[in-house]
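Visitor: only the shape, not the letters, is given here:
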Ligand SMILES: O=C(O)/C=C/C(=O)CC(=O)CC(=O)O
Ligand SMILES: [Ca+2]
Ligand SMILES: [Mg+2]
């Protein structure tokens, strides 16, 4: 499959990918586009010209209308965009709807309904258990039985590039709690999936129905204040330590773009309850990269996640909780077995005791004001070009005085 649009090698945005996002040009209303090479293809414009069905899905400031339309719309739309970008006879009509990505602004791609964060990397859960609960077993007894998660704050999910203001709060002191800016600002590199088609209250969504509900995947940085977290989290879980900002990447990679990335997930022992069984191999061979101030510090492997996305979805709805269009479910921090595969600074620096030495001569334990974190990811595709996830970036700003 070859497109007539020039796609630089390694761009990650070949015609096998076609991730959806929301963009605008200066002074114009945001609308839906897909990334192709170094361009954005304006789907609202194509629909206006009669080249794509239903303009209402695309002349919108979020993907939610299109996401709610379901697979019977997603699939023909994707096929049609592939045709328009590969059949040279469409070039003259389609080319005016291509905009250089450097000329447009990318926005939050979807309106977040509910936000869930799981805890599905065995390596991450083990590392955090050792740091936060020394002396006990690192994994609590429920961890191998169900995908542990918590409900986060949908309203503070922000698009890549949004400034991250250092949060203030309480942390443990010698005798009295201390109040002030967090001294342990951290990241968590994650992959999230986005719900397109809702489910009814009272109904569960089995693992086999994943593709009927899930529109695609994004990168997530679950910014975390570790000192606030350690003091507040028992017994109900993280509250203010993770609700000040959660960044997502601007491009939503369709489920169908990841066909070549499926791998068998790690063996699950003990065998999970029937509602968590999944016949398809839903491990995804996505490799994340974390850059701190331009230096690569880790490459977490998503393929090793213990609980898979369909298991997370089945678990989140087994009690009859309804899905809504725009629900975001994040995987939990992605960490691999090697030191250079850990997905958070608390793990990379062993809770601040082993500083990272960056190639520019600086050292870091947790984030300092002015630091910039960028997370990217790629997955194998059926063609030559890998599937790129774009990036999720954030720069840390000081707490207000
Ligand atoms: O083990 C704990 O108490 C806390 C764990 C986390 O902070 C991780 C969390 O947000 C879930 C995840 O990203 O894996
Ligand atoms: Ca997290
Ligand atoms: Mg730009």
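Guide: Nice, thanks for sending it over. Note that the structure is a prediction, hence the values are computed from the model and not measured. Ligands and ions are numbered 1, 2, ... in the order given.
Visitor: spell out, range by range, the strands that occur in the stretch 101-250 of the chain.
Guide: Here the stretch 101-250 of the chain has its strands, by DSSP state E, counting those that start in this stretch, at 105-106, 115-118, 149-151, 157-159, 164-165, 168-171, 178-181, 185-186, 189-195, 214-221, 224-225, 246-248.
Visitor: per-residue confidence for the residue lying closest to residue 276 once chain neighbours are set aside?
Guide: Leaving aside its sequence neighbours, residue 276 sits nearest to residue 311 (Cβ to Cβ, 6 or more residues apart in numbering; 5.1 Å). Heads up, the C-betas are built off the backbone N, CA and C, glycines and all. Note on residue 311: pLDDT of 98.
Visitor: same thing with residue 271?
Guide: At residue 271, pLDDT is 97.
Visitor: nearest residue to it in space, please, no chain neighbours.
Guide: residue 277 (7.9 Å).
Visitor: what sits against the closest residue to residue 142 other than its chain neighbours?
Guide: Nearest non-adjacent residue to residue 142, counting by Cβ to Cβ, 6+ apart: residue 148, 6.4 Å away. Contacts for residue 148 were tallied using Cβ atoms under 8 Å, 6 or more residues apart in numbering; they are 118-120, 125, 140, 142.
Visitor: hang on, residue 93 in a helix?
Guide: Yes. Secondary structure of residue 93 (DSSP: H, G, I helix; E, B strand; the rest coil): part of a helix.
Visitor: neighbours around it, how many?
Guide: Neighbourhood size, residue 93 [other Cβ atoms under 10 Å]: 13.
Visitor: got it, and residue 79?
Guide: 11.
Visitor: and residue 88, by the same measure?
Guide: Neighbours of residue 88 using other Cβ under 10 Å come to 10.
Visitor: tell me who's in contact with it.
Guide: residue 4.
Visitor: close to ligand 2: what parts of the protein are there?
Guide: 117, 188, 222 (Cβ under 5 Å from the ion).
Visitor: which of these sits closest to residue 238?
Guide: residue 117 (8.2 Å; Cβ to Cβ).
Visitor: beta partners for that closest one?
Guide: Counting by DSSP bridges, residue 117 is bridged to residue 150, residue 330.
Visitor: before we move on, back to that, go through the residues of the chain next to ligand 2 and say which is closest to residue 45.
Guide: residue 222 (35.0 Å).
Visitor: quick revisit: which SS state does the residue nearest to residue 276 fall under?
Guide: helix.
Visitor: can you name the residue of this protein nearest to ligand 1?
Guide: residue 332 (3.0 Å; Cβ to the nearest ligand atom).
Visitor: now do the contacts for that residue.
Guide: 117-121, 124-125, 149, 188, 190, 305.
Visitor: from residue 239, how far off is it?
Guide: 17 Å (Cβ to Cβ, to the nearest Å).
Visitor: next one: residue 89
Guide: Distance, residue 89 to residue 239, by Cβ to Cβ: 57 Å.
Visitor: same thing with residue 357?
Guide: 34 Å.
Visitor: then residue 232?
Guide: On the measure of Cβ to Cβ, residue 232 and residue 239 end up 5 Å apart.
Visitor: neighbour count winner among these two?
Guide: Neighbours per residue (other Cβ under 10 Å) separate residue 232 from residue 239, with residue 232 holding more: 20 against 15.
Visitor: re earlier: is it true that the residue nearest to residue 276 touches residue 149?
Guide: No. With contact defined as Cβ atoms under 8 Å, residue 311 does not count as touching residue 149 (11.1 Å).
Visitor: higher neighbour count, these two?
Guide: A count of neighbours by other Cβ under 10 Å puts residue 311 above the other of residue 311 and residue 149, at 25 against 20.
Visitor: which strand in this structure has the most residues?
Guide: strand 387-397 (DSSP state E).
Visitor: now for it, which elements pack on it?
Guide: strand 164-165, strand 214-221, strand 246-248, strand 372-379 (3 or more Cβ pairs under 8 Å, 6 or more residues apart in numbering; DSSP states H and E).
Visitor: need those strands in CSV with mean pLDDT, can you?
Guide: Output for the helices and strands packed on strand 387-397, formatted as CSV (pLDDT from 0 to 100):
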stretch, mean pLDDT
strand 164-165, 98
strand 214-221, 99
strand 246-248, 99
strand 372-379, 98
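Visitor: in stretch 260-267, what counts as buried?
Guide: Across stretch 260-267, burial judged by 16 or more other Cβ atoms under 10 Å covers 261-262, 265.
Visitor: same thing with stretch 105-121?
Guide: Buried, per 16+ other Cβ under 10 Å, within stretch 105-121: 106-121.
Visitor: what's the burial count for residue 320?
Guide: 11.
Visitor: the residue lying closest to it once chain neighbours are set aside and residue 310, how far apart?
Guide: What sits nearest to residue 320 in space, not counting adjacent residues and going by Cβ to Cβ, 6+ apart, is residue 202, at 4.4 Å. From residue 202 across to residue 310, the span is 20 Å (Cβ to Cβ).
Visitor: now residue 138
Guide: The separation that residue 138 has from residue 310, given Cβ to Cβ, amounts to 26 Å.
Visitor: do the same with residue 159
Guide: On the measure of Cβ to Cβ, residue 159 and residue 310 end up 26 Å apart.
Visitor: between these two, tell me which one has more neighbours.
Guide: Per other Cβ under 10 Å, whichever of residue 159 and residue 310 has more neighbours is residue 310, with 24 against 20.
Visitor: got the residues of the stretch 301-401 of the chain near ligand 1?
Guide: 332-333 (Cβ under 6 Å from any ligand atom).
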